[in-house]
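*Asks:* okay, sequence plus prediction incoming.
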Amino acid sequence: MWLSISHVGSLLVPHVSGRCAVCVTARGRQLTLLQDQNADVSEPSMSPEAMEIYQAALATVARVAAEKQSPGTTAKQSAAAAAEQSIAEWMVEEGERAGKAARQAEAAARQMAVEREAVSELEMETATDEATAEKVAVEMAAVEAKAAEAKTVSITIPPGMQGSMNLKFQVAGEGAWKVVTAEPTVEPTAAADDAMPATVADDEAAVAMPAEAAMPTEASVRSVPFQVAMANTPFIEECTYVDRTANTDKEKVVVLGSGWAAVKFLINIDTSRYDVTVVSPRNYFLFTPFLPSCVVGTVESRSIVEPIRNLLRYKSRPIGRQLKDRLAGITEDSFEEARFLESACTKIDHGQSCVYCQDVSAVAGPCDAFRVDYDKLVIAVGATSNTFNTPGVKEHAVFLKELEDAAFIRDRMLDAFESAALQEDAEVKQQLCTFVVVGAGPTGVEFAAELDDHIREDLTKLYPKEVAASRVVLISSTDDLLSSYDKKISDFTKTVLEQSRVEVVAGVRVIEVTKDSVFCRSKATKEEFVVPSSLTLWSTGVKPGRLVEEVIAAIPEQTKRSGLLVDKSMLAYGTKNVYALGDCATLYTGNAMIDDLTGLFRQADEDGNGSLDKGELLSLFSRVSNKKYPQAEVFQSKIDEDFAEIDADGSGALDVDEFKALLLNVDASLRNLPPTAQVAGQQGSFLAAQFNGETQKPFKYFHKGSMAYIGQEKAAAQVSMLKNLLPEALQELSFLGDDIVLTGGLAEVIWKFLYLDMQISTRNKLQVGFDW
């Protein structure tokens, strides 16, 4: 059970729901399963109550570990409760099987105990006869061996990060179990900080869990690197939270996050006016656009990170900001740095204007749970990958959001080639060397292109046969790649990728992901097919994390599912002092189409029959003003691709209720601005200027352009700077200010130059340049 490895100290958790107890002791060397002695082992162990008990036990383990401030508590254990859903799913699928095996083992052990007692009596009766005693001793040894075998259960559990462990545990007494061996099935990588030893010491107990909840199976827990995600770290009610609010007369600003929006805000905020506290579980800034390059080694990981504490210093502020500081009499010596706390925010109490946080780092000291009060809160925690509830994605796909993801994907890819090199069968070799990328946005396209370049250019000499059999498959739900870009770029990208052996499968929907396959359905023909995959990268957009979802749920004015709804001052609706930036925010532009439901329906119903067919809907969304309804293009695309699903009754047309459901659904999930670094950075700089009193204007996004590397030393760029420099009244004129579309080698030069200029520090710029 991976959440409990490496806990140090001795923790005892009280009775949970009166059914079972959970115990944590001594250095993570052995697992002990304490069974409820009052439970009837003949009854089925899988029940809703059992699931509730086990989830409560997990939360209690995390809480007690936090309260005891266990020095060995790792981020994985502190965030363990976040895995409740995955473990609950495992319990439904595998818990009954493992529970049955455990009950059978205990029943057999009881029978062996009866036989042992009979043999012992026989030994006492015949002790004077040496020959008989020897015979009895042989029989006794046989019974003991049979008993040991009968009461042993072996289960493979994935500790979640570094391969799997084969655990063998035995009945240790009335209602108790103990682990006797633990052997890794996969050699842990160097990144493992808590790998278990090959043999478990019997005198060092570790974790107990309900006997009804036997251990997870290999397929149940996703073997991907742990992501330090503030947005998903659970809040533990029972913790004692120390008040770490700064004692100051200045207005207190708390910033959650260390990404693009947060950093741009921090390097521009006037700290002479505000006391600024930064809370993030990641103590560095990450240049996320280079993660695909980091996977294949084009750019080293150290080149795309910069310590947050370094960015909070005076010398890291932009030249323009330093000049303003000097005019205000602020020098490097008198500059007040913001305070950084490496912790995860687990709860936002906007009513009391405070945040609750907990240290989830590998080394947690005393008082690792605390609260901070604020006068203004800036939420910039980013977002999580959107799986669209596709079965198997969380368990078997990988995501590319953090440095740990890049390292894990690289190890997984190379391991696939090594495994393929051991195979003689050509079909098996190809299956092992097939890599699938789901999502044809910038991240998906760049990763597929970088991976194909790496395979063809760097791995050919090392794995000639395996490279010849390898496949990189890019799956897109739309017919166009980079659909948010110009049509010329989309077509050029598809041509370049096809030339580079990347197989483009467009117009399909992924319906399930398994350990070695991706199941797809054609949106046009409804035909289903399977693509083998040894590594599936999921890159299909983002959604809010748990922290943001809880804030949205607590505020009635928050009507968007895609993020915190903010006005043009970045203030969250329904609050007076909470601001949101970047991927976790959705900018409100007004004119929701649902407000004009009746008028739009009548306008679209050209034949007056009280329903709208596909042609009428497409005609409506093509006619309405994009200036009044920026989302019209999104509606048109959704109608064109998913009309059959929108038409709930299959009549071939939408009535008023179905039309209303369409508007509500798309409006709720719509993003007016893409979740990009460019948007987040501009919002962060704008909010800092607003706090500093340097602007009273509403936020307006300045689109500098879109770029993507598409392989073979070629890129695609759509540069919009000229258009944005023109007055607003002239921006809609087709002959003035059109986007400049570039493709090929020249576009790659511009791509490299602009991305190099976007690096957050001079050190990053130099290191990336040397990497190239």
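*Replies:* On my side now, so go ahead.
*Asks:* tell me the SS of residue 365?
*Replies:* Here residue 365 is recorded as coil under DSSP: H, G, I helix; E, B strand; the rest coil.
*Asks:* surely it meets residue 358?
*Replies:* No. Contact criterion Cβ atoms under 8 Å: residue 365 and residue 358 do not qualify, at 12.0 Å. Every C-beta, even on glycine, is put in place using the N, C-alpha and C of the backbone.
*Asks:* neighbour-wise, which of the two wins?
*Replies:* Remark: of residue 365 and residue 358, residue 358 carries more neighbours, 25 against 9, as counted by other Cβ atoms under 10 Å.
*Asks:* and residue 674, how many neighbours?
*Replies:* Quick note: residue 674 (other Cβ under 10 Å) scores 15 neighbours.
*Asks:* so it touches residue 484, yeah?
*Replies:* Yes. The pair residue 674 / residue 484 is scored as a contact, 6.5 Å apart, by Cβ under 8 Å.
*Asks:* after the helix or strand where residue 320 lies, next one along is what?
*Replies:* Using DSSP states H and E, residue 320 maps to helix 319-327. Later in the chain than helix 319-327, the nearest helix or strand by DSSP H and E is strand 339-342.
*Asks:* parallel or antiparallel, which strands does whichever helix or strand comes after that following strand pair with?
*Replies:* Going down the chain from strand 339-342, the next helix or strand is strand 344-349, by DSSP H and E. Strand 344-349 pairs in its sheet with strand 354-358 (antiparallel), by DSSP bridges.
*Asks:* now the element after the partner strand, going C-ward?
*Replies:* With secondary structure assigned by DSSP H and E, strand 354-358 is succeeded by strand 369-373.
*Asks:* got the contact list for that following strand?
*Replies:* 66, 236, 239-245, 252, 254, 277, 279, 341, 343, 352-359 (Cβ atoms under 8 Å, 6 or more residues apart in numbering).
*Asks:* what's the angle between it and strand 354-358?
*Replies:* If you take axes from the mean of the first three to the mean of the last three Cα atoms, to 10 degrees, strand 369-373 sits at 160 degrees to strand 354-358.
*Asks:* surely residue 254 forms part of a helix?
*Replies:* No. Counting by three-state DSSP, residue 254 is not found in a helix; it is strand.
*Asks:* ok, the nearest residue to it once chain neighbours are set aside to residue 356 distance?
*Replies:* Counting by Cβ to Cβ, 6 or more residues apart in numbering, residue 254 lies nearest to residue 374, which is 4.0 Å off, once chain neighbours are set aside. To residue 356, residue 374 is 12 Å away according to Cβ to Cβ, to the nearest Å.
*Asks:* any idea which element residue 756 lies in?
*Replies:* Going by DSSP H and E, residue 756 is in helix 745-757.
*Asks:* show me the contact partners of that helix.
*Replies:* 289-290, 705, 707-709, 713-717, 719, 742, 765, 768-769, 772.
*Asks:* from those residues, which ones fall inside helices?
*Replies:* 765, 768-769 (DSSP state H).
*Asks:* got TSV for those, with pLDDT, distance to residue 654 and neighbour count too?
*Replies:* As requested, these are exported to TSV (pLDDT from 0 to 100; distance: Cβ to Cβ, whole Å; neighbours: other Cβ atoms under 10 Å):
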residue	pLDDT	distance to residue 654	neighbour count
765	92	53	16
768	94	51	22
769	92	55	12
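*Asks:* looking at the residues you listed, spot the one nearest residue 661.
*Replies:* Nearest to residue 661 out of those is residue 768 (Cβ to Cβ; 47.6 Å).
*Asks:* A strand includes residue 586, no?
*Replies:* Yes. Per three-state DSSP, residue 586 lies within a strand segment.
*Asks:* what about dumping the CA coordinates of the helix holding residue 756 to PDB?
*Replies:* Output of helix 745-757 as PDB, limited to C-alpha atoms (Å, rounded to 0.1, in the frame of the first residue of the first chain):
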ATOM      1  CA  GLY A 745      12.700  26.500 -41.400                       C
ATOM      2  CA  LEU A 746      12.200  30.300 -41.100                       C
ATOM      3  CA  ALA A 747       9.300  29.700 -38.700                       C
ATOM      4  CA  GLU A 748      11.600  27.500 -36.600                       C
ATOM      5  CA  VAL A 749      14.200  30.300 -36.300                       C
ATOM      6  CA  ILE A 750      11.500  32.600 -35.100                       C
ATOM      7  CA  TRP A 751      10.200  30.000 -32.800                       C
ATOM      8  CA  LYS A 752      13.600  29.500 -31.200                       C
ATOM      9  CA  PHE A 753      14.200  33.200 -30.900                       C
ATOM     10  CA  LEU A 754      10.900  34.100 -29.300                       C
ATOM     11  CA  TYR A 755      11.000  31.100 -26.900                       C
ATOM     12  CA  LEU A 756      14.600  32.000 -25.900                       C
ATOM     13  CA  ASP A 757      13.400  35.600 -25.300                       C
END
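*Asks:* measure stretch 333-342 end to end?
*Replies:* By Cα to Cα, to the nearest Å, the extent of stretch 333-342 from end to end equals 25 Å.
*Asks:* return the set of buried residues in it.
*Replies:* 335-336, 338-342 (16 or more other Cβ atoms under 10 Å).
*Asks:* can you tell me which two in these are farthest apart?
*Replies:* 335 and 342 (21.8 Å).
*Asks:* residue 528: how many residues sit nearby?
*Replies:* Counted with other Cβ under 10 Å, residues neighbouring residue 528 total 13.
*Asks:* wait, it sits on residue 512?
*Replies:* No. With contacts counted by Cβ under 8 Å, residue 528 stays clear of residue 512, the gap being 9.7 Å.
*Asks:* any residues in contact with both of the two?
*Replies:* Jointly contacting residue 528 and residue 512 under the rule Cβ under 8 Å, 6+ apart are residue 519.
*Asks:* quick one: buried residues of stretch 256-273?
*Replies:* Within stretch 256-273, judged by 16+ other Cβ under 10 Å, the buried ones are 256-271.
*Asks:* go through those residues and flag which are in helices.
*Replies:* Reading helices off the buried residues of stretch 256-273 with DSSP H, I get 260-266.
*Asks:* residue 477: which of those is nearest?
*Replies:* Nearest to residue 477 among those, with distances taken as Cβ to Cβ, is residue 260, at 26.4 Å.
*Asks:* next one: the closest one from residue 311, what distance?
*Replies:* For residue 260, the distance to residue 311 (Cβ to Cβ) stands at 12 Å.
*Asks:* helices along the stretch 401-550 of the chain, start to end?
*Replies:* Here the stretch 401-550 of the chain has its helices, by DSSP state H, counting those that start in this stretch, at 403-421, 426-432, 442-457, 464-469, 487-499, 546-554.
*Asks:* most tightly surrounded among those?
*Replies:* Neighbour counts (mean count of other Cβ atoms under 10 Å) averaged over each of the helices of the stretch 401-550 of the chain peak at helix 442-457, with a mean of 23.
*Asks:* run through who's touching that one.
*Replies:* Contacts for helix 442-457 (Cβ under 8 Å, 6+ apart): 289, 291-293, 295-298, 400, 413, 435, 437-438, 467, 470, 472, 474, 476, 481-482, 493, 496-497, 500-502, 537, 539-540, 706, 708-712.
*Asks:* now with 6 Å, please.
*Replies:* 292-293, 296, 437, 467, 470, 472, 474, 481-482, 500, 502, 537, 539, 708-711 (Cβ atoms under 6 Å, 6 or more residues apart in numbering).
*Asks:* how long is stretch 416-430 end to end?
*Replies:* Start-to-end span of stretch 416-430 (Cα to Cα) is 10 Å.
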